[in-house]
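Q: Fold the following, please.
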Amino acid sequence: MKNMWDTVWTVWSLGTEVYNYIQTNKADEHIGSLSRQVEYLQMHTQQMHTQQMHTQHLLHQVFTLQDIIIKQQCVICVLIALLMITCTLLITWVVGSLWARARNFRSKGHEFKSPPYPAATPTGAPTEDPYG
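A: So this is what the prediction gives:
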């Protein structure tokens with residue numbers, strides 16, 4: 001009977017060792033799989049970080065260009081306003097100058113007359129061009 005118990009114990013011990021070996025191999029495989037997944041996640045995280053840095057750089061460039069565009073629009077608005085003021089002053093000066101000349105012309109006793117028109121023919125067409 002003792003031999004039978006020794007045999008059973010030996011078989012049980014071998015079975016336990018085989019089971020432990022299999023579990024250890026499965027654990028090693030699982031650890032290897034997890035290790036590969038961790039490496040993949042690290043690589044993917046690095047790629048995401050690189051893309052994030054690139055995106056931040058592009059956003060910075062966009063905001064910089066937007067600021068430049070806004071400044072240029074402000075400068076253009078100021079230049080248009082200055083042009084309008086200059087044109088208004090020029091028109092005022094020209095009209096004032098013409099008004100002063102007309103007043104001076106009238107003060108000397110002259111009157112504005114319309115230009116001479118040529119005599120009309122019986123058909124109503126002018127015979128010659130007075131400006132020609």
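
Q: what packs against the helix or strand containing Q23?
A: Using DSSP states H and E, Q23 falls within helix 2-107. Packing contacts for helix 2-107, counted by 3 or more Cβ pairs under 8 Å, 6 or more residues apart in numbering; DSSP states H and E, involve no helix or strand. Using the backbone N, CA and C atoms, a C-beta is placed for each residue, glycine as well.

Q: Can you give the distance of it from its chain's centre?
A: The chain centroid and the centroid of helix 2-107 are separated by 14 Å, computed with Cα atoms, centre = their mean, to the nearest Å.

Q: pLDDT averaged over that helix - what is it?
A: Per-residue pLDDT over helix 2-107 has a mean of 88.

Q: Look at V95 and say how many residues are nearby.
A: Neighbour count of V95, defined by other Cβ atoms under 10 Å: 10.

Q: With S107 instead?
A: 8.

Q: Show me the residue at the heart of this protein, geometrically.
A: When Cα atoms, centre = their mean is applied to the chain, the residue found nearest the centroid is V62 (5.3 Å).

Q: ok, now how distant is it from H49?
A: Between V62 and H49 the computed distance is 20 Å (Cβ to Cβ, to the nearest Å).

Q: do the same with T86
A: 55 Å.

Q: Ok, V18 next?
A: Noted for V18: a distance of 46 Å to H49, by Cβ to Cβ.

Q: and if you look at Q42?
A: For Q42 relative to H49 (Cβ to Cβ), the value is 10 Å.

Q: likewise L98?
A: Computed as Cβ to Cβ, the L98 to H49 distance reads 73 Å.

Q: who's in contact with stretch 80-92?
A: For stretch 80-92, contacts defined as Cβ atoms under 8 Å, 6 or more residues apart in numbering pick out no residues.

Q: Can you show me the CA trace of it as PDB?
A: The C-alpha coordinates for stretch 80-92 follow below in PDB (Å, rounded to 0.1, in the frame of the first residue of the first chain):
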ATOM      1  CA  ILE A  80      -8.100 104.900 -46.000                       C
ATOM      2  CA  ALA A  81      -9.200 107.400 -43.300                       C
ATOM      3  CA  LEU A  82      -6.200 109.600 -44.000                       C
ATOM      4  CA  LEU A  83      -6.900 109.400 -47.700                       C
ATOM      5  CA  MET A  84     -10.500 110.400 -47.200                       C
ATOM      6  CA  ILE A  85      -9.400 113.400 -45.000                       C
ATOM      7  CA  THR A  86      -6.800 114.400 -47.500                       C
ATOM      8  CA  CYS A  87      -9.300 114.200 -50.400                       C
ATOM      9  CA  THR A  88     -11.800 116.200 -48.400                       C
ATOM     10  CA  LEU A  89      -9.200 118.900 -47.600                       C
ATOM     11  CA  LEU A  90      -8.100 119.000 -51.300                       C
ATOM     12  CA  ILE A  91     -11.700 119.300 -52.500                       C
ATOM     13  CA  THR A  92     -12.400 122.000 -50.000                       C
END
